[in-house]
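Asker: Quick one, what's the 3D model for this:
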Amino acid sequence: MYVNHNLDYDRDGDREDIMSTASLKNVLESAYKVENDLMRNYITTAEKIHDNKMLKERLQNFAEGNAKRLEQLKDEVENL
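Answerer: Next comes the predicted model:
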């Protein structure tokens, strides 16, 4: 894949391209909600699986990954 760096929005350091703290916070909070919903879906689905141990375990692992990302996102929002 070829990336044309001349098309990067922040290539010239223009202040118009800078994301405000409020916008960044909104993005991170939206990501938090998505990760939370995914985690809940993985957990509830895993709880309903009784005949496929591997799938159940993978879904639980997905949920654990989401939980870690939730903590990271929470920390990032708090540090803004």
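Asker: pLDDT score assigned to the residue nearest the centre of the chain?
Answerer: Residue closest to the average C-alpha location in the chain (CA atoms, centre = their mean): Ala31, at 4.8 Å. On pLDDT, Ala31 comes in at 96.
Asker: which residue packs closest to it, ignoring adjacent ones?
Answerer: Closest residue to Ala31 apart from its sequence neighbours, by CB to CB, 6 or more residues apart in numbering: Leu73 at 5.8 Å. For glycine as for every other residue, the C-beta is placed from the backbone atoms N, C-alpha and C.
Asker: That neighbour sits in which helix or strand?
Answerer: In the assignment (DSSP states H and E), Leu73 maps to helix 53-78.
Asker: max-length helix in this structure?
Answerer: helix 21-48 (DSSP state H).
Asker: Buried residues, it. List them.
Answerer: For helix 21-48, burial by neighbour count (16 or more other CB atoms under 10 Å) applies to 28, 31-32, 35, 38-39, 42-43, 46.
Asker: pLDDT wise, what is the residue located most distally from the centre of the chain at?
Answerer: Largest separation from the mean C-alpha position in the chain: Asp51, at 29.9 Å (CA atoms, centre = their mean). pLDDT for Asp51: 97.
Asker: same deal with Asp12?
Answerer: So Asp12 comes in at 61 (pLDDT).
Asker: who's in contact with the residue nearest to Ala31?
Answerer: Shown in contact with Leu73 (CB atoms under 8 Å, 6 or more residues apart in numbering): 28, 31-32, 35.
Asker: Output these as CSV; include the columns distance to Asn79.
Answerer: Conversion of the contacts of Leu73 to CSV gives the following (distance: CB to CB, whole Å):
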residue, distance to Asn79
Leu28, 10
Ala31, 15
Tyr32, 14
Glu35, 17
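Asker: Can you tell me which of those comes closest to Arg58?
Answerer: Arg58 lies nearest to Glu35 out of those, by CB to CB, at 17.2 Å.
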